[in-house]
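[1] Fold the stuff below for me.
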Amino acid sequence: MALACVRQIPQVKGLKDQEITVGRHVFIECTGDWDRAFKFESASIKSDEQNKLKVKVIKAEARSATIFDVDLVFYSAGEFKFPDMILTDGVIELSLGEQNLTVQTVVKPTEDGKPPEPFGPVVPMPLAWPMAYTLIGVTVLVLMVGLAVYSLRRRYRYRQLIAKLKDYESSMDPDLQFYKAIRKSEPTGMPLKDLNQAFRMYVLRRFQIPMFDLKPASVIRFFKKTHPWLKKERLELKKILEDFAVAKDAGDDKKLLLQKIYHFVDRAEELLKKGSL
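    So this is what the prediction gives:
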């Protein structure tokens with residue numbers, strides 16, 4: 001079975017083109033007919049005992065019915081002459097033709113020509129690490145560091161917000177404070193600004209949520225984190241905050257909003273009595 005084989009040496013940054021060095025991959029691509037029973041996963045180069053450990057098949061694979069390639073690596077420098085390089089799976093042998101190779105060491109010679117000092121790098125060969133893997137690794141590392149920093153900042157921010165809630169502590173119960181603020185604003189027509197202030201103060205004290213330091217969306221997330229079982233109340237709070245954003249002092253908007261707020265406060269006090277807060 002005649003095979004036409006061509007040797008290829010992929011480019012590696014830092015190494016000379018077409019120069020075979022210890023550890024550098026050498027590809028041999030063969031075209032022609034071969035025994036289809038050949039087991040490429042068990043392939044090795046047939047050689048004498050002296051060279052058996054110096055050359056290794058990293059991978060052998062059929063690309064099509066007429067093409068296969070072999071990925072070789074040499075672990076020793078020197079001249080390697082194969083009048084007929086044989087690829088075998090232990091049973092079947094394939095002839096890759098004459099292959100004469102000169103494998104260079106990657107240890108640079110010293111200026112005085114003397115052998116290099118001992119205890120050099122444990123792995124003297126440059127590793128041909130694909131750039132894509134490096135970029136992926138760097139990206140993953142940056143993401144991990146970024147997430148860690150983000151998580152630490154969130155925890156620090158959370159602790160700050162919780163600590164700040166102490167500034168609003170009062171001997172008066174939250175519901176009594178709320179109704180007192182409502183009565184105080186009645187002579188001036190209970191402006192939405194005052195109603196908003198009173199309601200936020202109530203939610204802050206009763207549910208321990210930093211209402212004056214968070215945006216509405218963040219308030220709802222905070223509520224969900226600290227009171228995950230109060231789903232209905234969370235939805236009501238979300239609706240009230242949305243209504244505040246569009247309501248006007250004149251008209252029925254304020255009346256409807258006030259009804260929702262009273263219902264929310266009454267519901268919260270009932271939950272408190274039941275021990276659900």
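
[2] Identify the residues contacting the strand or helix carrying V57?
    Assessed by DSSP states H and E, V57 sits inside strand 55-62. Contacting residues not belonging to strand 55-62 are listed as 25, 40-41, 43-45, 47, 68-75, 80, 87 [C-beta atoms under 8 Å, 6 or more residues apart in numbering]. In short, each C-beta sits where N, CA and C put it, glycine included.

[3] Give me the buried subset of these.
    Buried by 16 or more other C-beta atoms under 10 Å: 25, 40, 43-45, 68-74, 80, 87, out of the contacts of strand 55-62.

[4] and the two most separated of those?
    F40 and F80 (21.9 Å; C-beta to C-beta).

[5] Would you map the helices across this protein?
    For the chain, applying DSSP state H gives helices covering 131-164, 174-185, 192-207, 216-226, 231-246, 253-274.

[6] Identify the residue spatially nearest to E19, adjacent ones excluded.
    Nearest non-adjacent residue to E19, counting by C-beta to C-beta, 6 or more residues apart in numbering: Q104, 6.0 Å away.

[7] number of nearby residues for the one you found?
    A count of nearby residues for Q104, using other C-beta atoms under 10 Å, gives 15.

[8] shaky segments in the stretch 51-200 of the chain?
    The stretch 51-200 of the chain contains residues with pLDDT under 70 at 107-130.

[9] now the farthest one out in this structure, which residue is it?
    Relative to the centre of the chain, the most outlying C-alpha is that of P187, 58.2 Å out, by C-alpha atoms, centre = their mean.

[10] From D194, how far out is that one?
    11 Å (C-beta to C-beta, to the nearest Å).

[11] quick one on the thing from earlier: quick check, the residue nearest to E19 in contact with T21.
    Yes: with contact defined as C-beta atoms under 8 Å, Q104 counts as touching T21 (4.9 Å).

[12] shared neighbours of the two, anything?
    Common neighbours of Q104 and T21, counting by C-beta under 8 Å, 6+ apart, are A77.

[13] and which of the buried ones among the contacts of strand 55-62 is nearest to E93?
    Taking C-beta to C-beta as the measure, E93 lies nearest L87 of the buried ones among the contacts of strand 55-62, at 7.1 Å.

[14] Can you give me the distance of the residue nearest to E19 to G14?
    13 Å.

[15] Just checking: what are the partner strands of the strand holding V57?
    Strand 55-62 pairs in its sheet with strand 67-74 (antiparallel), by DSSP bridges.

[16] Which residue is the nearest non-sequential neighbour of F223?
    That would be R234: by C-beta to C-beta, 6+ apart, it lies 5.1 Å from F223.

[17] swap in K46?
    Excluding the flanking residues, the one nearest K46 by C-beta to C-beta, 6+ apart is I86, at 3.9 Å.

[18] Which residue ranges make up the domains of the protein?
    Structural domains annotated on the chain: 3-121, 129-169, 170-274, as defined by automatic domain parsing.

[19] dump the residue contacts of the residue nearest the centre of the chain.
    Central residue of the chain (C-alpha atoms, centre = their mean): V140, 5.0 Å from the mean position. For V140, the contact set (C-beta under 8 Å, 6+ apart) is empty.

[20] My guess is A77 contacts K54. True?
    No: in this structure A77 lies outside contact range of K54 using C-beta under 8 Å: 9.3 Å.

[21] Name the nearest residue to S42, ignoring sequence neighbours.
    Leaving out its chain neighbours, S42 is closest to D89 (C-beta to C-beta, 6+ apart), at 4.3 Å.

[22] Quick one: residues contacting the one you found.
    By C-beta under 8 Å, 6+ apart, the residues touching D89 are 38-40, 42-44.

[23] Now, those residues that are in strands?
    Judged by DSSP state E, strands contain the following of those: S44.

[24] Could you export the contacts of D89 as JSON lines, including pLDDT and distance to I209?
    Output for the contacts of D89, formatted as JSON lines (pLDDT from 0 to 100; distance: C-beta to C-beta, whole Å):
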{"residue": "F38", "pLDDT": "93", "distance to I209": "71"}
{"residue": "K39", "pLDDT": "94", "distance to I209": "68"}
{"residue": "F40", "pLDDT": "93", "distance to I209": "65"}
{"residue": "S42", "pLDDT": "92", "distance to I209": "67"}
{"residue": "A43", "pLDDT": "93", "distance to I209": "67"}
{"residue": "S44", "pLDDT": "92", "distance to I209": "69"}
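
[25] Please consider this matter closed, and thank you.
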